[in-house]
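*Asks:* Pasting a predicted model and its sequence here:
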Amino acid sequence: MLADVASALADRAIPLQGNYCAAKHALKAFTDCLRMELEEEGVPISVTLIKPGSIDTPLFEKARTLLDVEPQPVPPVYAPELVARGILHCAEHPVRDLVVSGMGKVISLAGTVAPRLTDRYMERSTFEAQMSDLPLADARPDNLYDPVEHDGGERGRNWTGRVHVRSFQTLAALHPAGTAGLVGLLLAGGILAMRGRRTRILR
């Protein structure tokens, strides 16, 4: 198994992150190409592209920024453990693509289904959403040309009350058979309930 970690922004770019989005688009193209080449050669390796949404990592503290305030991930923000569990699952099960987080899935689909409408929505919402209320620190170190002294660990700032530790969309993507069974049961229950209600009305 081979997993490349890109981003939901590999499918749909957002303002203020053009270079980041371009890099993730490139990684998606590379992964798609590599998958085909390995399959043509008969190499028994499953290639997965992991596409997280906004994740609570130190990215925004270390990236070069031209904003007047500290940047932040577009909410909702998800815990990095969700991505780790997704990678582990794909190491044991062949999966082509895995979007981690419900909003990541929405972004990926929106850019495909309604690109111009998505442009308008992002123009109105994602500029301010990426700006925190923290002033930009003087002589703020970044990793544009050299690594920063401290890597920051796996988490970013303390986004108290904002980091989601669960994603039902990701859970459904990792367990499609169970999800399909649950949906089937819910539909069957709904149909039976409607029939029972109709029977009582007719009586």
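*Replies:* Looks like it came in fine.

*Asks:* Which residue ranges of this structure form strands?
*Replies:* Chain-ordered strands for the chain, with DSSP state E as the definition, fall at 2-5, 47-52, 69-71, 77-78, 97-100, 131-135, 163-164.

*Asks:* Can you tell me what sits against the last one?
*Replies:* Spelled out, that is strand 163-164. Contacts of strand 163-164 with the rest of the structure, by CB atoms under 8 Å, 6 or more residues apart in numbering, involve 56, 76, 77, 78, 79, 101. C-beta coordinates here come from the backbone N, C-alpha and C atoms, glycine included.

*Asks:* Would you quantify the distance from the closest residue to residue 157 other than its chain neighbours to residue 128?
*Replies:* Once its chain neighbours are removed from consideration, residue 157 has its nearest residue in residue 61; the separation is 6.8 Å (CB to CB, 6 or more residues apart in numbering). Taken as CB to CB, to the nearest Å, the spacing of residue 61 relative to residue 128 amounts to 19 Å.

*Asks:* Look at those two and report which has more neighbours.
*Replies:* residue 61 (20 against 8; other CB atoms under 10 Å).

*Asks:* Okay, now the unreliable bits of this structure?
*Replies:* Counting by pLDDT under 70, the ranges of the chain that qualify are 158-161, 175-203.

*Asks:* So which of the contacts of strand 163-164 is the closest to residue 165?
*Replies:* Distance from residue 165 was checked for each of the contacts of strand 163-164 by CB to CB. The minimum falls on residue 79, at 4.7 Å.

*Asks:* My guess is that closest one contacts residue 54. True?
*Replies:* No: counting by CB atoms under 8 Å, residue 79 stays clear of residue 54, with 10.8 Å between them.

*Asks:* Give the residue from these two that has the larger number of neighbours.
*Replies:* The residue with more neighbours, out of residue 79 and residue 54 and counting by other CB under 10 Å, is residue 54; that gives 27 against 20.

*Asks:* need the contact list for that one.
*Replies:* If a contact means CB under 8 Å, 6+ apart, then residue 54 has 73, 74, 75, 76, 77, 78, 101, 103, 104 as its contacts.

*Asks:* go again using 6 Å as the cut-off
*Replies:* If you count contacts by CB atoms under 6 Å, 6 or more residues apart in numbering, residue 54 has them with 73, 74, 77.

*Asks:* Reformat the residues you listed as CSV; add neighbour count.
*Replies:* Output for the contacts of residue 54, formatted as CSV (neighbours: other CB atoms under 10 Å):
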residue, neighbour count
73, 22
74, 19
77, 20
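
*Asks:* Which single one of those residues is nearest to residue 115?
*Replies:* Of all those, residue 115 sits closest to residue 74, with 18.0 Å by CB to CB.

*Asks:* quick one: the nearest residue to residue 34 once chain neighbours are set aside from residue 57, how far?
*Replies:* Leaving aside its sequence neighbours, residue 34 sits nearest to residue 47 (CB to CB, 6+ apart; 6.0 Å). The span separating residue 47 from residue 57 equals 23 Å under the rule CB to CB.

*Asks:* which of these two has more neighbours?
*Replies:* residue 47 (23 against 19).

*Asks:* Report the beta-bridge partner residues of that one.
*Replies:* Listed by DSSP bridges, the beta-bridge partners for residue 47 are residue 2.
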